[in-house]
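> all I have is the shape, not the residue letters:
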């Protein structure tokens, strides 16, 4: 069981716990970095690999729960697996509602932690993949001319070439040429492909204007 190309960040003020978890993750081929505080982690370069945080709830200074909120506010949305020796139901519910992958109370089974980390890394891989796909679509959309963006928006609503031509005061032949350019630039092989791309772009807050 290896996790090449991914990393686990362990944040715990107990040196013995950090050493134990580092040994555990390395024993299954997982890259790992450990930190004694959230401040130390915040100063580190997280890199670009898929990652997650194994985070102690109770830490000197800023607590794990407070750090979870801070990460969400700053956009560093790495999946978190909480570990604690002093957890309670209210705390675990708050952590899970805020998006934690798991909340494990010490002593926990090593396999439970490994399973939780595996889920967290898969979540981060999926998130990164979705971000990359969204950026690819934005790049393709940016390559369209303003007129092509207008035509794409109308094509995606199901309008025929002659309807688009009338609405934009163009010839039908010109609309067909624009459609061909749009299909090529967006790398859409079928009309349903183009419609799916348009739907994704509509849900993307970073998409440029259509016209």
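All right, it came through fine. Because the structure is predicted, anything quoted here is derived from the model rather than measured.

> out of the helices and strands in this protein, which is least certain?
Across the helices and strands of the chain, the lowest-confidence element by mean pLDDT, DSSP states H and E is helix 89-97, at a mean of 75.

> show me the contacts for the residue of the chain positioned farthest from its centre.
Note on the chain: the largest separation between a C-alpha and the mean C-alpha position, by Cα atoms, centre = their mean, falls on residue 171 (42.9 Å). For residue 171, the contact set (Cβ atoms under 8 Å, 6 or more residues apart in numbering) comprises residue 165. The C-beta positions use only the backbone N, C-alpha and C, and glycine is treated the same way.

> same question, residue 200
133-134, 137.

> ok, now residue 68?
Taking Cβ under 8 Å, 6+ apart as the test, what residue 68 contacts is 55, 80, 95, 98-100.

> how about residue 204?
134, 137-138.

> the helices in this structure, which residues?
15-27, 38-42, 64-74, 89-97, 110-142, 146-156, 161-168, 172-186, 191-202 (DSSP state H).

> gap between the third one and the chain center?
Shown here is helix 64-74, whose average C-alpha point lies 16 Å from the average C-alpha point of the whole chain (Cα atoms, centre = their mean, to the nearest Å).

> relative to helix 89-97, how tilted is that helix?
Going by axes from the mean of the first three to the mean of the last three Cα atoms, to 10 degrees, helix 64-74 is angled at 20 degrees with respect to helix 89-97.

> isn't residue 99 up against residue 82?
No - counting by Cβ atoms under 8 Å, residue 99 sits too far from residue 82 to count as a contact (10.9 Å).

> more neighbours, these two?
Neighbours were tallied for residue 99 and for residue 82 using other Cβ atoms under 10 Å; the higher tally belongs to residue 82 (24 against 13).

> spatially nearest residue to that one (excluding sequence neighbours)?
Excluding the flanking residues, the one nearest residue 82 by Cβ to Cβ, 6 or more residues apart in numbering is residue 103, at 4.6 Å.

> can you pull the contacts of the one you found?
Residues in contact with residue 103, defined by Cβ under 8 Å, 6+ apart, are 82, 84, 87, 91-92, 95-96.

> just flag the most distant two among those.
84 and 96 (12.9 Å; Cβ to Cβ).

> can you tell me, leaving aside adjacent residues, what's nearest to the one residue sitting closest to the centre of the chain?
Most central in the chain under Cα atoms, centre = their mean is residue 127, positioned 2.6 Å from the mean C-alpha point. The spatially closest residue to residue 127, leaving aside those adjacent along the chain, is residue 77, at 7.3 Å (Cβ to Cβ, 6+ apart).
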